[in-house]
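>>> Compute the structure for the input listed below.
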Amino acid sequence: MIEIRNLIKKFGSSIAVNDISLTVDRGQFFGFLGPNGAGKTTTIKTLAGLYRPTSGTCSVNGFDVHANPISAKRSFGYVPDQPFLYEKLSGREYLHFIGGLFRVRADELQARIESYVTRFEMEGFIDRSAEEYSQGMRQRVALAGALVHEPTVLIVDEPLLGLDPRSSWLVREFLRQKAAAGMTIFMSTHLLRIVEELCTRIAIVKGGKIIYEEMFDATGAQHGTLEKTFLDITR
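Numbers count the residues shown, from 1 in each chain. Next up, the predicted model:
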């Protein structure tokens, strides 16, 4: 579960996030939407512990991300919009490194890595150095890295960025299945059709404030309606 309470983040005199509060319940697939510069990525980086809030709190699974960062970060995975990989490591070496940071047992880690290599169809490049990777390859390795410690919460910023249609389908199906199995997913994306397809709840942010929220039933959003809503209220 994710809880953000009265979050404010300033950079100098500029307010990037302006008193945002929200709760994402266990098992929800939450879409965090907004135009460029609305405060989405700043909110996500603060939630992930990369930025310290000017005021307010962010908690994941009951752990304050900034007061108790180690316990909080053990319970979630995070994929930024521009994933960082160590250029001289292969994808497989990177996944072993990340698993080691989370103290995953060696035999379990090996099995999980092989599972993700197969699931995301990475056999053709996983043993090449990351400096040779395309954006889509990086995205798949970064997503696997965020999941090797089996978190209950996944925070992702533009998870389909740079993916070809096949890779995009693989990732979408995986996220759909994880949410159905009880994982809480907090996703920011500009791809509204993907939000309609996957999300059970959305919030739209503009000027650092949440200006709209909606819950979807099991059938999702009606195709095309979200785009009109988004354009109308962010005009």
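>>> Looking at this protein, which helix is longest?
helix 165-180 (DSSP state H).
>>> which ones are touching the nearest residue to residue 18 once chain neighbours are set aside?
Leaving aside its sequence neighbours, residue 18 sits nearest to residue 208 (C-beta to C-beta, 6 or more residues apart in numbering; 3.6 Å). For glycine as for every other residue, the C-beta is placed from the backbone atoms N, C-alpha and C. Contact partners of residue 208, counting by C-beta atoms under 8 Å, 6 or more residues apart in numbering, are 15, 16, 17, 18, 20, 38, 39, 42.
>>> same deal with residue 17?
By C-beta under 8 Å, 6+ apart, the neighbours of residue 17 are 7, 8, 9, 39, 42, 43, 46, 53, 208.
>>> Out of the residues you listed, who's the most crowded?
residue 43 (29 neighbours; other C-beta atoms under 10 Å).
>>> Give me the pLDDT for it.
Looking at residue 43, its pLDDT stands at 96.
>>> do the same with residue 136
pLDDT at residue 136 comes out at 88.
>>> do residue 219 as well
Taking residue 219 on its own, its pLDDT is 55.
>>> now swap in the one 3 residues further on and tell me
In the prediction, the pLDDT value recorded for residue 222 is 56.
>>> now swap in residue 215 and tell me
90.
>>> which ones are touching the nearest residue to it once chain neighbours are set aside?
Using C-beta to C-beta, 6+ apart and skipping the chain neighbours, the partner closest in space to residue 215 is residue 201 (5.0 Å). Residues near residue 201 by C-beta under 8 Å, 6+ apart: 24, 28, 29, 30, 31, 213, 214, 215, 216.
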